[in-house]
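A.B. asks: sequence unavailable; structure follows:
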């Protein structure tokens, strides 16, 4: 069940810590998760206390082994049994379980995730044959859906919900979601702060950078759209700087875990690729320039500061920024579509909806994400205080 768009370059989620446990489920029913039962891999009703439903996502071979699309390899190792999910003998045959030897490179227990096939779901396919992937056998609506004991087989891509999967960390109370999972990964590993940032340009301050269908675009600002939330990972900033001495950072999407990667050259759109926080990859590192007016800066490649983020045709001469404007790299032309801000999303972004837009506080609320001036600090204090009052009065 795998042909689809699996031959387009897009990213898998970031690598996990070695002891983090995951749940694996398909879009056909998120009430059932992958488990080991009587030596078989099946779907069972979700139960956070059942360790046969807990999986380790072993990424130790991810930098050396990738599939034909460049997606990193991983093994799924059951916490209760220590067994890894192994390729089946072919289409329609169930996947198997085999002893996992972390010191031995065994392709038969290695898998990759495809690009996003909708709402954060991906295909899980053999590392050496991306056309065969996980399939909750007869778990589609036509066959009655997923039930307790549904087996997992390999099948070619048929676009079924029973072929679209998520691998997410188990939250403490079992309420894991995409954004929380990604933030949780980093919060405990000395990685980037869990507070997300908003990225926008001067040409269209009502639009924010977003991940959409495997591309980086500008979309009408919506604080509730997690695809517009990014993590600014500064872990390499002390060691890697551009030729002007500015520190490097990566921009990782909160929902998909994908990092923005350099394009192939001027005029070409930036890309989204797998992000491995432990691997120093300059192709996903950027720097900000000096202030180019009112707190805006250029966002440019760490190893070529002459190519910058550019909201393609987002200047006035071409009609300005619109929903879906792509971000490309371009030499500096002093355009407003090349001047950017990367600012924290206010923790209380819903406050503008709580307080009437004509309130005297309203102009200050628009500053609550800008940490570059004293005024912004005052505004943030007012924002938080007013938010507490508004919530208390609700």
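C.D. replies: That came through, no problem. Source: prediction; values computed, not measured.
A.B. asks: residues in contact with the nearest residue to residue 256 once chain neighbours are set aside?
C.D. replies: Counting by C-beta to C-beta, 6 or more residues apart in numbering, residue 256 lies nearest to residue 211, which is 5.4 Å off, once chain neighbours are set aside. Backbone N, C-alpha and C define where each C-beta goes, glycine included. Counting by C-beta atoms under 8 Å, 6 or more residues apart in numbering, residue 211 touches 227, 253, 255-256, 258, 272.
A.B. asks: same thing with residue 134?
C.D. replies: If a contact means C-beta under 8 Å, 6+ apart, then residue 134 has 26, 95, 123-125, 152, 154, 163, 165 as its contacts.
A.B. asks: tell me the confidence at residue 5?
C.D. replies: The predicted local distance difference test score for residue 5 is 34.
A.B. asks: scratch that, residue 233
C.D. replies: The confidence metric pLDDT takes the value 92 at residue 233.
A.B. asks: how close does it sit to residue 38?
C.D. replies: From residue 233 over to residue 38 the distance is 43 Å, taken as C-beta to C-beta, to the nearest Å.
A.B. asks: the two: who's more crowded?
C.D. replies: residue 233 (22 against 6; other C-beta atoms under 10 Å).
A.B. asks: does residue 22 touch residue 165 like I think?
C.D. replies: No. In this structure, residue 22 is not within contact of residue 165 by C-beta atoms under 8 Å, at 11.1 Å.
A.B. asks: which residue of the two possesses the greater neighbour count?
C.D. replies: Neighbours per residue, other C-beta under 10 Å: of residue 22 and residue 165, the larger number sits with residue 165, 26 against 21.
A.B. asks: would you mind listing the residues in contact with the more buried one?
C.D. replies: If a contact means C-beta under 8 Å, 6+ apart, then residue 165 has 24-27, 113, 121-124, 134 as its contacts.
A.B. asks: how does it look with 10 Å?
C.D. replies: For residue 165, the contacting residues are 24-28, 34, 113-114, 117, 121-125, 133-136, 152, taking C-beta atoms under 10 Å, 6 or more residues apart in numbering as the criterion.
A.B. asks: report the beta-bridge partners for it.
C.D. replies: Residue 165 has the following beta-bridge partners by DSSP bridges: residue 26, residue 122.
A.B. asks: what is the neighbour count of residue 118?
C.D. replies: Residue 118 has 11 neighbouring residues, counting by other C-beta under 10 Å.
A.B. asks: please apply the same query to residue 213.
C.D. replies: A total of 12 residues lie near residue 213 under the criterion other C-beta under 10 Å.
A.B. asks: how about it, nearest residue that isn't a chain neighbour?
C.D. replies: Leaving aside its sequence neighbours, residue 213 is closest to residue 116 (7.7 Å, by C-beta to C-beta, 6+ apart).
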